[in-house]
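Trainee: Turn this into a structure:
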Amino acid sequence: MGNHGSNLDDILAEDMHHWYNKFMKESPSGLITLFELKGMLNLKGMSQNAAGYVDQVFFTFDMDGDGYIDFVEYIAAISLMLKGEVNQKLKWYFKLFDQDGNGKIDRDELETIFLAVQDITRNRDIDPEQIVALIFERVDVNNEGELTLEEFIEGAKPHADIMEMLQKMMDLTPVLEIIVNGRDG
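Mentor: Numbers count the residues shown, from 1 in each chain. Sure thing, here's the model as predicted:
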(Lines give C-alpha, C1' and ligand atoms only; values in the text may rest on other atoms or scores of the structure.)
Protein backbone atom coordinates (compact mmCIF):
# COMPACT_ATOMS: atom_id res chain seq x y z
CA MET A 1 0.00 0.00 0.00
CA GLY A 2 2.94 2.32 0.46
CA ASN A 3 2.49 5.71 2.00
CA HIS A 4 -0.89 6.24 0.32
CA GLY A 5 -2.52 4.14 3.06
CA SER A 6 -1.10 6.24 5.87
CA ASN A 7 -2.25 9.45 4.17
CA LEU A 8 -5.81 8.19 3.92
CA ASP A 9 -5.77 6.77 7.44
CA ASP A 10 -4.75 10.25 8.60
CA ILE A 11 -7.50 11.76 6.48
CA LEU A 12 -10.13 9.41 7.93
CA ALA A 13 -8.87 10.06 11.46
CA GLU A 14 -9.55 13.77 11.09
CA ASP A 15 -12.68 14.96 12.81
CA MET A 16 -15.89 14.76 10.80
CA HIS A 17 -16.29 18.54 10.73
CA HIS A 18 -12.97 18.96 8.93
CA TRP A 19 -13.83 16.07 6.58
CA TYR A 20 -17.20 17.66 5.80
CA ASN A 21 -15.56 21.03 5.09
CA LYS A 22 -13.27 19.39 2.51
CA PHE A 23 -16.27 17.78 0.85
CA MET A 24 -18.19 21.06 0.77
CA LYS A 25 -15.18 22.95 -0.60
CA GLU A 26 -15.13 20.70 -3.66
CA SER A 27 -18.90 20.51 -3.91
CA PRO A 28 -20.63 23.54 -2.33
CA SER A 29 -24.07 22.15 -3.17
CA GLY A 30 -23.42 19.17 -0.90
CA LEU A 31 -23.91 16.84 -3.84
CA ILE A 32 -21.43 15.60 -6.41
CA THR A 33 -22.72 14.94 -9.90
CA LEU A 34 -21.00 12.63 -12.37
CA PHE A 35 -19.88 15.69 -14.34
CA GLU A 36 -18.33 17.22 -11.19
CA LEU A 37 -16.56 13.96 -10.32
CA LYS A 38 -15.03 13.83 -13.78
CA GLY A 39 -13.98 17.46 -13.39
CA MET A 40 -12.36 16.73 -10.01
CA LEU A 41 -10.40 13.86 -11.52
CA ASN A 42 -9.34 16.02 -14.47
CA LEU A 43 -10.14 13.36 -17.07
CA LYS A 44 -9.18 15.37 -20.14
CA GLY A 45 -7.29 13.16 -22.55
CA MET A 46 -8.25 9.93 -20.75
CA SER A 47 -9.37 6.91 -22.70
CA GLN A 48 -13.02 6.05 -23.26
CA ASN A 49 -12.49 3.10 -20.89
CA ALA A 50 -11.28 5.41 -18.12
CA ALA A 51 -14.32 7.64 -18.53
CA GLY A 52 -16.56 4.56 -18.49
CA TYR A 53 -14.86 3.34 -15.34
CA VAL A 54 -15.53 6.65 -13.59
CA ASP A 55 -19.19 6.26 -14.59
CA GLN A 56 -19.20 2.80 -12.97
CA VAL A 57 -17.53 4.11 -9.79
CA PHE A 58 -20.02 6.98 -9.60
CA PHE A 59 -23.07 4.74 -9.99
CA THR A 60 -21.68 2.30 -7.42
CA PHE A 61 -21.17 5.13 -4.92
CA ASP A 62 -24.60 6.64 -5.70
CA MET A 63 -26.28 4.08 -3.45
CA ASP A 64 -29.79 5.53 -3.65
CA GLY A 65 -29.59 6.02 -7.42
CA ASP A 66 -30.61 9.69 -7.33
CA GLY A 67 -27.83 10.84 -9.67
CA TYR A 68 -25.76 12.47 -6.91
CA ILE A 69 -23.18 11.39 -4.37
CA ASP A 70 -24.05 13.04 -1.07
CA PHE A 71 -21.79 13.28 1.96
CA VAL A 72 -23.15 10.11 3.60
CA GLU A 73 -22.65 8.06 0.40
CA TYR A 74 -19.21 9.58 0.03
CA ILE A 75 -18.11 8.63 3.54
CA ALA A 76 -19.67 5.16 3.21
CA ALA A 77 -17.81 4.52 -0.05
CA ILE A 78 -14.48 5.69 1.33
CA SER A 79 -14.92 3.66 4.50
CA LEU A 80 -15.75 0.57 2.45
CA MET A 81 -12.64 0.95 0.33
CA LEU A 82 -10.34 1.63 3.26
CA LYS A 83 -11.76 -0.44 6.06
CA GLY A 84 -14.32 -2.79 4.49
CA GLU A 85 -14.34 -6.53 5.05
CA VAL A 86 -12.94 -8.75 2.30
CA ASN A 87 -16.41 -9.92 1.19
CA GLN A 88 -17.69 -6.32 1.04
CA LYS A 89 -14.73 -5.22 -1.07
CA LEU A 90 -15.07 -8.22 -3.41
CA LYS A 91 -18.79 -7.47 -3.87
CA TRP A 92 -17.95 -3.85 -4.67
CA TYR A 93 -15.22 -4.89 -7.14
CA PHE A 94 -17.65 -7.30 -8.79
CA LYS A 95 -20.28 -4.59 -9.16
CA LEU A 96 -17.67 -2.38 -10.86
CA PHE A 97 -16.49 -5.19 -13.13
CA ASP A 98 -20.03 -6.18 -14.21
CA GLN A 99 -20.33 -3.38 -16.75
CA ASP A 100 -23.40 -4.73 -18.53
CA GLY A 101 -25.18 -5.55 -15.26
CA ASN A 102 -25.95 -9.16 -16.21
CA GLY A 103 -24.70 -10.58 -12.90
CA LYS A 104 -21.60 -12.12 -14.46
CA ILE A 105 -18.16 -10.85 -15.40
CA ASP A 106 -16.14 -12.01 -18.36
CA ARG A 107 -12.53 -11.54 -19.38
CA ASP A 108 -13.23 -8.45 -21.49
CA GLU A 109 -15.11 -6.65 -18.71
CA LEU A 110 -12.35 -7.40 -16.23
CA GLU A 111 -9.54 -6.35 -18.54
CA THR A 112 -11.38 -3.18 -19.61
CA ILE A 113 -11.79 -2.09 -15.98
CA PHE A 114 -8.16 -2.87 -15.11
CA LEU A 115 -6.91 -0.87 -18.12
CA ALA A 116 -9.20 2.01 -17.19
CA VAL A 117 -7.99 2.00 -13.58
CA GLN A 118 -4.41 2.13 -14.82
CA ASP A 119 -5.29 5.03 -17.08
CA ILE A 120 -6.67 6.99 -14.13
CA THR A 121 -4.19 6.03 -11.40
CA ARG A 122 -1.15 5.83 -13.69
CA ASN A 123 -0.17 2.67 -11.76
CA ARG A 124 1.15 0.20 -14.33
CA ASP A 125 2.85 -2.23 -11.93
CA ILE A 126 0.60 -5.14 -12.88
CA ASP A 127 -0.18 -6.36 -16.41
CA PRO A 128 -4.01 -6.49 -16.75
CA GLU A 129 -3.85 -9.44 -19.16
CA GLN A 130 -1.77 -11.37 -16.64
CA ILE A 131 -4.13 -10.86 -13.70
CA VAL A 132 -7.21 -11.59 -15.82
CA ALA A 133 -5.62 -14.84 -17.05
CA LEU A 134 -4.69 -15.80 -13.48
CA ILE A 135 -8.16 -15.01 -12.12
CA PHE A 136 -9.91 -17.04 -14.79
CA GLU A 137 -7.40 -19.90 -14.56
CA ARG A 138 -7.92 -20.28 -10.80
CA VAL A 139 -11.44 -18.98 -10.20
CA ASP A 140 -13.41 -20.08 -13.29
CA VAL A 141 -13.28 -23.75 -12.29
CA ASN A 142 -16.04 -24.81 -14.72
CA ASN A 143 -14.35 -22.96 -17.63
CA GLU A 144 -17.50 -21.05 -18.69
CA GLY A 145 -15.52 -17.90 -19.45
CA GLU A 146 -17.55 -15.84 -16.99
CA LEU A 147 -17.88 -15.59 -13.22
CA THR A 148 -20.88 -15.07 -10.99
CA LEU A 149 -20.57 -13.03 -7.80
CA GLU A 150 -20.41 -16.21 -5.71
CA GLU A 151 -17.73 -17.78 -7.93
CA PHE A 152 -15.70 -14.58 -7.85
CA ILE A 153 -15.82 -14.19 -4.05
CA GLU A 154 -15.33 -17.85 -3.17
CA GLY A 155 -12.68 -18.29 -5.85
CA ALA A 156 -10.60 -15.18 -5.14
CA LYS A 157 -10.48 -15.30 -1.32
CA PRO A 158 -8.32 -18.43 -0.94
CA HIS A 159 -5.63 -17.08 -3.29
CA ALA A 160 -3.45 -14.52 -1.50
CA ASP A 161 -1.71 -13.54 -4.74
CA ILE A 162 -5.00 -12.78 -6.52
CA MET A 163 -6.28 -10.82 -3.52
CA GLU A 164 -3.04 -8.82 -3.39
CA MET A 165 -3.17 -8.06 -7.14
CA LEU A 166 -6.83 -7.05 -6.91
CA GLN A 167 -6.05 -4.78 -3.99
CA LYS A 168 -3.18 -3.15 -5.92
CA MET A 169 -5.15 -2.84 -9.14
CA MET A 170 -8.24 -1.46 -7.44
CA ASP A 171 -6.40 0.89 -5.08
CA LEU A 172 -8.35 4.09 -5.53
CA THR A 173 -6.13 5.99 -3.09
CA PRO A 174 -4.87 8.41 -5.79
CA VAL A 175 -8.47 9.09 -6.86
CA LEU A 176 -9.61 9.60 -3.26
CA GLU A 177 -6.70 11.91 -2.55
CA ILE A 178 -7.65 14.07 -5.55
CA ILE A 179 -11.24 14.23 -4.31
CA VAL A 180 -10.32 14.90 -0.68
CA ASN A 181 -7.42 17.28 -1.20
CA GLY A 182 -8.66 18.98 -4.34
CA ARG A 183 -7.03 19.01 -7.73
CA ASP A 184 -3.98 20.89 -6.53
CA GLY A 185 -3.67 19.04 -3.20
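
Trainee: so residue 102, which of the three states?
Mentor: Per DSSP: H, G, I helix; E, B strand; the rest coil, the local secondary structure of residue 102 is coil.

Trainee: pLDDT at it, what is it?
Mentor: Residue 102 carries a pLDDT value of 92.

Trainee: Could you do residue 70 as well?
Mentor: Among the per-residue scores, residue 70 holds a pLDDT of 89.

Trainee: and it, what does it touch?
Mentor: 30-32 (CB atoms under 8 Å, 6 or more residues apart in numbering). The way it works is simple: take the backbone N, C-alpha and C, and place the C-beta from them, glycine included.

Trainee: run the last query once more with 6 Å
Mentor: The contact partners of residue 70, by CB atoms under 6 Å, 6 or more residues apart in numbering, come to residue 31.

Trainee: Which element, helix or strand, includes the spatially closest residue to residue 84 that is not a sequence neighbour?
Mentor: Using CB to CB, 6 or more residues apart in numbering and skipping residues adjacent in sequence, the residue nearest residue 84 is residue 92, 7.3 Å away. Secondary-structure assignment from DSSP states H and E places residue 92 in helix 86-97.

Trainee: and what of residue 130?
Mentor: Taking DSSP H and E as the criterion, residue 130 maps to helix 128-139.

Trainee: try residue 155
Mentor: In this structure, residue 155 is located in helix 149-156 according to DSSP H and E.

Trainee: now what about whichever helix or strand comes after that helix, what contacts it?
Mentor: As assigned by DSSP H and E, the chain's next helix or strand after helix 149-156 is helix 160-169. For helix 160-169, contacts defined as CB under 6 Å, 6+ apart pick out 114, 117, 126, 131, 135, 156.

Trainee: Kindly indicate which of those lies nearest residue 76.
Mentor: Among these, residue 117 lies closest to residue 76 (CB to CB), at 20.7 Å.

Trainee: and the closest residue in space to residue 86 that isn't next to it in sequence, how many residues sit next to it?
Mentor: In this structure, residue 86 finds its nearest non-sequential neighbour in residue 157, 6.3 Å apart by CB to CB, 6+ apart. Other residues near residue 157 number 14, with proximity taken as other CB atoms under 10 Å.

Trainee: Let me know the pLDDT of residue 157.
Mentor: At residue 157, pLDDT is 89.

Trainee: Tell me the first helix or strand C-terminal of the helix-or-strand element of the chain with minimal mean pLDDT.
Mentor: Least confident helix or strand of the chain, by mean pLDDT, DSSP states H and E, is helix 2-13 with a mean of 52. Reading on from helix 2-13 to the C-terminus, the next helix or strand found by DSSP H and E is helix 16-26.

Trainee: Run the chain-centre distance for that following helix.
Mentor: 21 Å (CA atoms, centre = their mean, to the nearest Å).

Trainee: now stretch 68-83
Mentor: Chain-centre distance of stretch 68-83: 11 Å, with CA atoms, centre = their mean.
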